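Engineer: Give me the fold of what follows.
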Amino acid sequence: MGRGRGLLVAAVIVVGAGGLAALLVSLAPEPERRDPPSTVPYVATATVIAGTGSIPVFGAGTVRPGAEIDIAPQVGGRVVWVNPAFQSGRRVEAGATLFRIEEEDYVYRLREAEAMLAAREAEFLEAFEEAAVARSEYERYAARQQEAVDEASPLTLREPQLNAAKAALERDKAKVAAAALALSRTQVRAPFDGFVRTETVDQGQLVSANQAVGRLFAADAVEVVVPVSDADAVLIPNLWGPREVNGEGAAVHVIAEYGESRFAWRGHVDRAEASLDHRTRTIDIIVRVPDPFRRGDETARESGDPPLLVGKFVEVQIQGTAPTSYFRVPRAALQPGNEVWAVGDGGTLRIVPVQVLQRANDEAYVTGLLAAGQPVVIGGIPFATDGMAVRTGAPRAR
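Structural biologist: So this is what the prediction gives:
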């Protein structure tokens, strides 16, 4: 009896558990049905922009003076005066006296040369009169003769003596001119408007001829040497074409950073070197910037803008050629082998070969079978085949 009851209880438990399980299964939610993921890859795109105007050529370089010279006296002596403006960093005007050398010795030499010249002038007049008298006497002698007489020798007419006196006179004139020139050179003047880079002269100092005592660079213009590739060089209009010596080339923007601010100056391409740099295989373009220190004068006190300092590293943007038709695409859209993956209607990818005219920081200038507003792939797939299907979202704004 006890055993039968146990089996009955066990049977009830088993049946109850099965019913409970069936109830739980019937109450469970239906699983969410999902479509299998698409095998068509998703790509990021940006639009092609039709290019207009000139294509810029970018570069960088260091500002250098347009002209720079050593300041050296042409005569020696003791320095008796120095211009207060003749100090490093200061500006001097063309023709301004930078310093003076003691001139007494040169004054004495000039007076001595002038005295010698006065004596030579007297000797020349005496020789001239003697030659005139000799010719007159010979003519009277020839007139008294019944027969023709031989022509008088130069010595008889005292022509060699006159020529010697004339030569001595010219020599002493030259000595006076040389002495006067040496005296004028005791004042050392600035040959052009410029800034003093260095100076090593003080009052009382003894200087010798041709001894460099300072360095001056021109203030009217500076130059920037910009190395560019040959591909970029051909984009600069009239770089090697005929042009006047002082004619201006392509327009240039020169940009310099001072702190967190950027300042720009206008310049032009002046010339290009006639040879490649043997180390970098680039062509040096010489950019000329007129009046770079204008911001250092009155305008600086009003605006606070700095000048374009010599030695400053700058960015350069040269106004290149303006093709009739070209496109601007993101640099990321330019694939190896100079290809662009364009997306057509229906999400079909097309591989378009392009010719790269210029590569900027974040975009490229190209020509090829593209259209303005057309989406191009900038990411999402590592490789592509012509005609493959892709999925795209909204093109990235540019």
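
Engineer: show me where the stretch 101-250 of the chain has helices.
Structural biologist: Taking DSSP state H, counting those that start in this stretch as the test, the helices found in the stretch 101-250 of the chain are 104-144, 159-184, 230-233.

Engineer: pLDDT weak spots in the stretch 1-150 of the chain?
Structural biologist: 1-12, 14-38, 146-147, 149 (pLDDT under 70).

Engineer: Tell me the gap between stretch 137-152 and the middle of its chain.
Structural biologist: 80 Å (Cα atoms, centre = their mean, to the nearest Å).

Engineer: From one end of that stretch to the other, what's the distance?
Structural biologist: 11 Å (Cα to Cα, to the nearest Å).

Engineer: how close does residue 193 get to residue 91?
Structural biologist: 7 Å (Cβ to Cβ, to the nearest Å). All C-beta spots, glycine's among them, are computed from the backbone N, C-alpha and C.

Engineer: where do the contact lists of those two overlap?
Structural biologist: residue 219 (Cβ atoms under 8 Å, 6 or more residues apart in numbering).

Engineer: Of the helices of the stretch 101-250 of the chain, which is nearest residue 98?
Structural biologist: Comparing the helices of the stretch 101-250 of the chain by their distance to residue 98 (Cβ to Cβ), the top pick is helix 159-184, with 14.2 Å.

Engineer: Counting neighbours, show which residues of the closest one come out buried.
Structural biologist: By 16 or more other Cβ atoms under 10 Å, the buried positions in helix 159-184 come out as 159, 161-162, 165, 168-169, 172, 175-176, 179, 182-183.

Engineer: just stretch 194-202 next, same as before
Structural biologist: Using 16+ other Cβ under 10 Å as the test for burial, stretch 194-202 gives 194-197, 199, 201.

Engineer: from those residues, which single one is nearest residue 261?
Structural biologist: Distance to residue 261, by Cβ to Cβ, is smallest for residue 195 among the buried residues of stretch 194-202, at 22.9 Å.

Engineer: correct me, but the closest one touches residue 293?
Structural biologist: Yes: contact criterion Cβ atoms under 8 Å: residue 195 and residue 293 qualify, at 7.4 Å.

Engineer: Can you get me a residue count around the closest residue to residue 380 other than its chain neighbours?
Structural biologist: In space, residue 380 comes closest to residue 43 once its chain neighbours are excluded; the distance is 3.7 Å by Cβ to Cβ, 6 or more residues apart in numbering. Neighbour count for residue 43, taken as other Cβ atoms under 10 Å: 21.

Engineer: Check the one 10 residues further on too.
Structural biologist: Per other Cβ under 10 Å, the neighbour tally for residue 53 reads 9.

Engineer: roughly how far apart are residue 338 and residue 354?
Structural biologist: Residue 338 is 6 Å from residue 354, by Cβ to Cβ.

Engineer: Overlap in contacts, those two.
Structural biologist: residue 366.

Engineer: and the gap between residue 66 and residue 267?
Structural biologist: Distance from residue 66 to residue 267, by Cβ to Cβ: 11 Å.

Engineer: Also residue 350?
Structural biologist: Per Cβ to Cβ, residue 350 is found 43 Å from residue 267.

Engineer: Equivalent analysis for residue 197, please.
Structural biologist: In terms of Cβ to Cβ, residue 197 sits 21 Å off from residue 267.

Engineer: show me what contacts residue 54?
Structural biologist: Residue 54 touches 319-322, counting by Cβ under 8 Å, 6+ apart.

Engineer: do that again at 6 Å, thanks
Structural biologist: By Cβ atoms under 6 Å, 6 or more residues apart in numbering, residue 54 lies in contact with 319-320, 322.

Engineer: Stretch 90-105: which residues count as buried?
Structural biologist: 91-92, 97-103, 105.

Engineer: Can you give the contact residues for it?
Structural biologist: For stretch 90-105, using Cβ under 6 Å, 6+ apart, the contacting residues are 77-83, 85-86, 183, 186-190, 192-193, 195-196, 201.

Engineer: ok, now stretch 314-328?
Structural biologist: Contacts of stretch 314-328 (Cβ under 6 Å, 6+ apart): 48-49, 51, 53-60, 226, 235-237, 250-256, 287, 363, 365-367, 370.

Engineer: quick one: residue 282 and residue 226 touch, right?
Structural biologist: No: in this structure, residue 282 is not within contact of residue 226 by Cβ atoms under 6 Å, at 9.2 Å.

Engineer: on that earlier part again, more crowded one of residue 66 and residue 267?
Structural biologist: Comparing residue 66 with residue 267 by other Cβ under 10 Å, the one with more neighbours is residue 267, at 26 against 21.

Engineer: surely the more buried one meets residue 290?
Structural biologist: No: counting by Cβ under 6 Å, residue 267 does not reach residue 290; the two are 7.1 Å apart.

Engineer: Check residue 304 and give its pLDDT.
Structural biologist: Note for residue 304: predicted pLDDT of 64.

Engineer: Whichever of the contacts of stretch 90-105 end up buried, select them in ChimeraX.
Structural biologist: Selecting only the buried entries of these in ChimeraX, with 16+ other Cβ under 10 Å as the criterion:
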select :77,79,82,83,86,183,186,188,189,190,192,193,195,196,201
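
Engineer: returning to what we had before: kindly indicate which of the contacts of residue 54 lies nearest residue 381.
Structural biologist: For the contacts of residue 54, the nearest to residue 381 is residue 320 (33.0 Å; Cβ to Cβ).

Engineer: residues contacting the residue nearest the centre of the chain?
Structural biologist: Computing the C-alpha centroid of the chain and ranking residues by Cα atoms, centre = their mean puts residue 224 first, at 1.7 Å. When contacts are counted by Cβ under 6 Å, 6+ apart, residue 224 is found next to 61, 63, 287.

Engineer: which residues does it bridge with?
Structural biologist: residue 63, residue 287 (DSSP bridges).

Engineer: gap between it and residue 254?
Structural biologist: For residue 224, the distance to residue 254 - Cβ to Cβ - is 6 Å.

Engineer: cool, and residue 52?
Structural biologist: Going from residue 52 to residue 254 by Cβ to Cβ gives 24 Å.
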